[in-house]
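Asker: Let me see the structure of the following:
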Amino acid sequence: MIVDVITGAVRYGACVVFAAEGETVSERSGVVNLGTEGSMLTGALAAFAVTVWTGSPVIGALAGLLGGALPALLHAFLVIDRNADQLATGLSVTFLGLGVTSALGTGFVDEKISGFDPIAIPLLSEIPFFGDVLFNYDILTYVALLLGPALWWFMKKTRWGLILRATGESGDVVYAYGHSPRKVRYMAVTAGGALAGLGGAQLVLASTLNWVENITVGRGFVAVALVIFASWLPIRAALGALLFGAAVSLQLQLQARGVNVSAFLLGMTPYVLTLVVLAIASRGQAQRMPAGLKAVFAPGGT
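Answerer: Model prediction:
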């Protein structure tokens, strides 16, 4: 059971890793995107539909990237160019994504696809215990496992990562150094949405292999919460996403073993457990909120 739960943590948490890291990029630029859930939904439907039409999960994953980027681009336009409220706009984008995918996805409910197959890494996958836990996943899951460290390196060690972080702190300073805060935020929000869309693609192409209405069931909102609890640190956000995946896996294992607990209670367990653990873990630590976000969460902020 322990191996099953840990393996499930990676399988079910990978899609949330993509969304959480995407939201980390967006918020580091000073823009909160509560439309992450909408981007995951549109990315999932785009990936599933294109895979049905082409038979290629690779092309489907690329469609998922594009499907997630488009709602994020709309969010960026409204909050950056039109100065709309970030929180209200993000929720509106999520509801738009839910409505569009519910309407357009009805024809795909009964469709079946061949998604990404697990790739066992030679020799490493044969190691007892660790082989199954770390080295026997699909390609998108491997990418998710590497994404947190890669994003940490990008933000800490590269010039463009510094510009991204500086934009979230003070757009005026970035402008004084010859860069456009508007362009940086546009790229960050759109890239964040694309990653969320890839998370939706991973969900349907490597995990569920089917499409149902509202297939993400709030995973995008969990990703946004993880970013805040993780103090905008990519690796901590990824670990929080894997914790959520472990809670989902544990819930499924308990149901499979016939534990006499309400199915509704078990269904809410991953969300409650993840938030409680992260809330406790974040106590007493200095919050690293980018200065540009303080106006968003302050009364009357934009």
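Asker: Of all the residues in whichever helix or strand residue 166 is part of, which ones are buried?
Answerer: Using DSSP states H and E, residue 166 falls within helix 159-169. Across helix 159-169, burial judged by 16 or more other CB atoms under 10 Å covers 161, 163-169. For glycine as for every other residue, the C-beta is placed from the backbone atoms N, C-alpha and C.
Asker: Out of the residues you listed, which is nearest to residue 91?
Answerer: Nearest to residue 91 among the buried residues of helix 159-169, counting by CB to CB, is residue 168 at 21.3 Å.
Asker: hang on, the earlier thing: next SSE after the helix holding residue 166?
Answerer: Using DSSP H and E, the first helix or strand after helix 159-169 is helix 171-176.
Asker: Could you pull up the mean pLDDT of that next one?
Answerer: Here helix 171-176 scores 91 as its mean pLDDT.
Asker: May I see the buried residues of the helix or strand just after it?
Answerer: Next along the chain after helix 171-176, taking DSSP H and E as the criterion, comes helix 181-202. Of the residues in helix 181-202, 181, 184-202 count as buried by neighbour count, 16+ other CB under 10 Å.
Asker: so for helix 181-202, what's the average pLDDT?
Answerer: 97.
Asker: Equivalent analysis for stretch 54-72, please.
Answerer: 97.
Asker: which residues sit against it?
Answerer: With contacts defined as CB atoms under 8 Å, 6 or more residues apart in numbering, stretch 54-72 is touched by 22, 26, 33, 35, 38-40, 42-51, 93, 96-97, 113-116, 140, 189-202, 205.
Asker: Residue ranges in this protein under the pLDDT threshold?
Answerer: Applying pLDDT under 70 to the chain flags residues 261, 263, 281-288, 297-302.
Asker: Can you check which helix is longest in it?
Answerer: As assigned by DSSP state H, the longest helix anywhere in the chain is helix 2-28.
Asker: From the contact counts, what lies against that one?
Answerer: Under the contact definition 3 or more CB pairs under 8 Å, 6 or more residues apart in numbering; DSSP states H and E, helix 2-28 sits against helix 36-54, helix 130-134, strand 136-137, helix 139-157, helix 159-169, helix 181-202, helix 219-229, helix 234-256.
Asker: Now distance to residue 264 too, for these, in TSV please.
Answerer: Shown next, in TSV, are the helices and strands packed on helix 2-28 (distance: least, CB to CB, whole Å):
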stretch	distance to residue 264
helix 36-54	21
helix 130-134	30
strand 136-137	30
helix 139-157	29
helix 159-169	39
helix 181-202	25
helix 219-229	18
helix 234-256	11
